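*Asks:* need coordinates for the below:
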Amino acid sequence: MYDGRQGSSSPFEQSVYLLSEAGRAVDRLLAQRLEHRGLTPVHHALLSALSQLGPHGRDDLTARIEAPAAEVGQALDDLLSARLLQAMVVHVGGRQEVLTVTASGESALEVLHADASTAQDDLLASLTKGQRVELNSLLRRVCAAAARGAGQAPPLREPSGWTLTRGARRTWSRVREGAGPAGEPHAGTAH
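*Replies:* Here you go, the predicted model:
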């Protein structure tokens, strides 16, 4: 693998290029699974955002999703029509439509998460369980560093449904506090 010091024959073997290529492969796999279910990545992003963040105004939600407003609006209408979302009108500082995920929407999201898990298993089939855990840990650190560099707070809450061992909980706590798994500060973290 090219790292700038080993003199590999191809700079396209740098981690940054490999991450980008892996990301494109994942996007393709997930988009295919979503398309099979009659959904798009925007539908998935909306369901995920509302499930994680709770009820949101339509305008605020549209601003949070990184897609054209017309595409987000169409996806919201699709999800409302399918009864995966529910809209409520509230009158706080003016009329506003607040959206929330229905029980059917949560069930659909669980199916999408299972699809993502299957896609992950397909993509990482050549790795051992230990290598998968290590890769996940390294990618979390890379994403946290990228988010700090972009001025965004990384999502460091433990996903629901995880069962962590005592050691993993300690590691997770250190990561949330800005330290690496062994307690060493991450680069760029003030301690």
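
*Asks:* using CSV, write out every CA atom in stretch 31-38.
*Replies:* Extracted in CSV, the C-alpha atoms of stretch 31-38 (Å, rounded to 0.1, in the frame of the first residue of the first chain):
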residue,chain,number,x,y,z
ALA,A,31,-28.5,2.2,-3.3
GLN,A,32,-29.3,-1.1,-4.9
ARG,A,33,-30.9,-2.5,-1.7
LEU,A,34,-32.9,0.7,-1.2
GLU,A,35,-34.0,0.7,-4.9
HIS,A,36,-35.2,-2.9,-4.4
ARG,A,37,-37.5,-1.6,-1.6
GLY,A,38,-38.7,1.4,-3.7
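
*Asks:* quick one: it to chain centroid distance?
*Replies:* Here the centre of mass of C-alpha atoms in stretch 31-38, compared against the chain's by CA atoms, centre = their mean, to the nearest Å, lies 17 Å away.

*Asks:* just the strands in the protein please.
*Replies:* Here the chain has its strands, by DSSP state E, at 56-57, 85-91, 95-101.

*Asks:* what residues sit buried inside the second one?
*Replies:* By neighbour count on 16 or more other CB atoms under 10 Å, the buried set for strand 85-91 is Leu85, Gln86. C-betas here are computed from N, CA, C, even on glycine.

*Asks:* identify whichever of the strands of the chain lies nearest to Ser48.
*Replies:* strand 95-101 (9.4 Å; CB to CB).

*Asks:* who touches the closest one?
*Replies:* Identification of contacts with strand 95-101 by CB atoms under 8 Å, 6 or more residues apart in numbering yields 47, 50-51, 54-59, 61, 76, 80, 84-90, 109.

*Asks:* just name the shakiest helix or strand of this protein by mean pLDDT.
*Replies:* Least confident helix or strand of the chain, by mean pLDDT, DSSP states H and E, is helix 166-176 with a mean of 49.

*Asks:* sorry, back to before: which of the strands of the chain sits closest to Ser20?
*Replies:* Nearest of these (CB to CB): strand 56-57, 30.7 Å.
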